[in-house]
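Asker: pasting the sequence and the predicted model now:
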Amino acid sequence: MNRNRTVAFIYAHPDDETFGCSFWIRHIADEGGYPILLSATLGDAGKSGRLGEMNKEQLAVKREQELRNAAGILGLAEIEHLRLPDGKLKEVDPVKLRESIADFLRRHGADIVVTFPEDGISGHADHIVIHHAVNDVVFSGEVATVQKLYYNGIRPETNRSCMKMSGDQYWEMKRRALECHESQVFSIERAFGDIANFGAASFSPEYLVLVWERGEHFPKKTESTIYDDLNS
Ligand SMILES: [Zn+2]
């Protein structure tokens, strides 16, 4: 099977990729795929953890660097930022947002797209805006190279085609990638517990739900890889 495919992850903030999809990104990279990331904001409205006071500009620079460091560990081949206002994606022109996402997918010839599920995992409003924007782009079929869309999640879904990636061989890598997002230490500890005590049990498996495949929504099938049934 040809695994040399471009898999585009589209999220709202630097760290969303590490929180939700570390195992899958690393797995795709290890198997010879080409995982890339589009991050809509620089996360500069967030907090700076234990790093002391930072203004928005300083935090933006810091978070961009943190994402670069994490990307090296995850095996992300390329990262792009839309530099949209953090926490305010609802106020962004939805047509422009969709165009930016479509442009990213087109320029990279993405075969597969991964984004937030309906609830944005955490319910964050920016995550839900990205979820809908990616849906709109992919479902329209306007990016001809895109053959599949997946949502990433932290629970199995029994009524939908769903693949599980456990952290057995990846949890240590996820720990290191999370540690790169130094400014986000409080959200990391809220989600996964005390960083000093991270172990295999700190991280739930990561799931990918197949949402769309060449025009068909939620196809009922059992997949063993994200590359199943791709046209060449
Ligand atoms: Zn986020």
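Answerer: Perfect, thanks for sending it.

Asker: against residue 167, how distant is the residue in the chain that the ion sits nearest to?
Answerer: Closest residue of the chain to the ion, Cβ to the ion: residue 13 (3.6 Å). From N, CA and C alone the C-beta is placed, and that goes for glycine too. Here residue 13 is placed at a distance of 22 Å from residue 167 (Cβ to Cβ, to the nearest Å).

Asker: more neighbours: which of the two?
Answerer: More crowded of residue 13 and residue 167, by other Cβ atoms under 10 Å: residue 13, with 27 against 19.

Asker: which SS state does residue 83 fall under?
Answerer: Using DSSP: H, G, I helix; E, B strand; the rest coil, the structure places residue 83 in strand.

Asker: gap between the residue lying closest to it once chain neighbours are set aside and residue 79?
Answerer: Leaving aside its chain neighbours, residue 83 sits nearest to residue 42 (6.1 Å; criterion: Cβ to Cβ, 6 or more residues apart in numbering). Distance of residue 42 to residue 79, given as Cβ to Cβ: 11 Å.

Asker: more neighbours, these two?
Answerer: A count of neighbours by other Cβ under 10 Å puts residue 42 above the other of residue 42 and residue 79, at 24 against 18.

Asker: so what's the more buried one up against?
Answerer: Applying Cβ atoms under 8 Å, 6 or more residues apart in numbering, we find residue 42 in contact with 14, 59-60, 63-64, 81, 83, 86.

Asker: and the pLDDT for it?
Answerer: What the model reports as pLDDT for residue 42 is 97.

Asker: and it, what are its phi and psi?
Answerer: Dihedral pair for residue 42: phi -100, psi 10, per degrees, to the nearest 10.

Asker: over to residue 102?
Answerer: phi -60, psi -40.

Asker: out of everything not next to it in sequence, what's closest to it?
Answerer: Closest residue to residue 102 apart from its sequence neighbours, by Cβ to Cβ, 6+ apart: residue 137 at 4.8 Å.

Asker: ok, that neighbour - how many residues close by?
Answerer: 26.

Asker: ok now do it, which residues does it touch?
Answerer: Counting by Cβ under 8 Å, 6+ apart, residue 137 makes contact with 98, 101-102, 105, 143.

Asker: pLDDT below threshold where in this structure?
Answerer: Within the chain, the ranges that satisfy pLDDT under 70 run 1.

Asker: and the strands in it?
Answerer: Using DSSP state E, the strands of the chain run over residues 6-11, 34-41, 78-84, 112-115, 148-153, 162-165, 206-213, 216-217.
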